[in-house]
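A.B. asks: Turn this into a structure:
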Amino acid sequence: MIDTKEFKEPILMFSGGKDSLLCLLMLRDQLDNINVVFVNTGKMFPEALGFIDTIKELCPKFIELNSDRDRDWQVHGMPADVIVPMKSTYQSVKSCCYKNIMLPVINYAKAVDSRLLIRGSKNTDDYHDGIQSLSVIEGITIYNPIENFTDYQVREALKIFDEEVDIPDYFSFEHTSLDCMDCTGYLDKTKDRLELLKKRYPQEYYKTKANIEKIIAISETSLATIKQAII
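C.D. replies: Residues are numbered from 1 along each chain as shown. Reported below is the predicted structural model:
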């Protein structure tokens, strides 16, 4: 395990999901020295916010940042898992998450001149960015404590900390970071999230469902145009 005291203003990205929680618990003996940074998109599930509130008690240096997710959608459009026509206002899921979750952390790291960024990134993640643990980018060492874990291994490892933390029910979901209730991306991984939305927040669910149907409709129209062009 890395000694965070060797680095200036170490930062641990915490989303409220299983991967970042395991990283935090693995480093719990060093939390006095770590800035635990959470980005609130303003669209998170109450369940996730409630859990994050309990984790704050473990973190002497807990920092909450905010991103204007609604404003980003107004300008750049909703995220989509598929390629949509250039004239339509949609963005990739990677772009949306980067601007609304990662970028605020990067800006904070620059502001405090941090030299260590700890992430719950795993090599098995579908959206892994390819940055390996202990890589140095613009003077910041990237540390991925669980990069060689699988999702199963993460869930098994968390059982060790059962007495320290009450693991929330949503940790059984395939996609455990509930950053945005109305997200229109990652749909192959978020069936559980949508079911939770429908059960507890039906108004938000039907609005999200309508947005997803818009993406499907414009995607199908675009594919039909492409097929017509190549035949």
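A.B. asks: C-alpha from now on. contacts and neighbour counts both.
C.D. replies: Fine.
A.B. asks: L134: neighbouring residues, count only.
C.D. replies: 16 (other Cα atoms under 10 Å).
A.B. asks: And it, its phi and psi?
C.D. replies: phi 70, psi 10 (degrees, to the nearest 10).
A.B. asks: Quick one: residues contacting it.
C.D. replies: For L134, the contact set (Cα atoms under 8 Å, 6 or more residues apart in numbering) comprises T141, I142, Y143, N144.
A.B. asks: mind putting these in JSON lines, secondary structure included?
C.D. replies: Shown next, in JSON lines, are those (DSSP: H, G, I helix; E, B strand; the rest coil):
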{"residue": "T141", "secondary structure": "strand"}
{"residue": "I142", "secondary structure": "strand"}
{"residue": "Y143", "secondary structure": "strand"}
{"residue": "N144", "secondary structure": "coil"}
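A.B. asks: so N35 touches F62, yeah?
C.D. replies: Yes - using Cα atoms under 8 Å, N35 is in contact with F62, at 6.0 Å.
A.B. asks: for I215, what are its contacts?
C.D. replies: A80, V84.
A.B. asks: State the distance from it to Y98.
C.D. replies: Distance, I215 to Y98, by Cα to Cα, to the nearest Å: 21 Å.
A.B. asks: now do L22
C.D. replies: 22 Å.
A.B. asks: More neighbours: those two, which one.
C.D. replies: L22 (20 against 14).
A.B. asks: what helix or strand is that one on?
C.D. replies: In this structure, L22 sits in helix 18-26 according to DSSP states H and E.
A.B. asks: Counting by contacts, list what whichever helix or strand comes after that helix packs against.
C.D. replies: Counting by DSSP H and E, the next helix or strand C-terminal to helix 18-26 is strand 35-40. With contacts taken as 3 or more Cα pairs under 8 Å, 6 or more residues apart in numbering; DSSP states H and E, strand 35-40 sits against strand 11-13, strand 62-66, helix 103-112.
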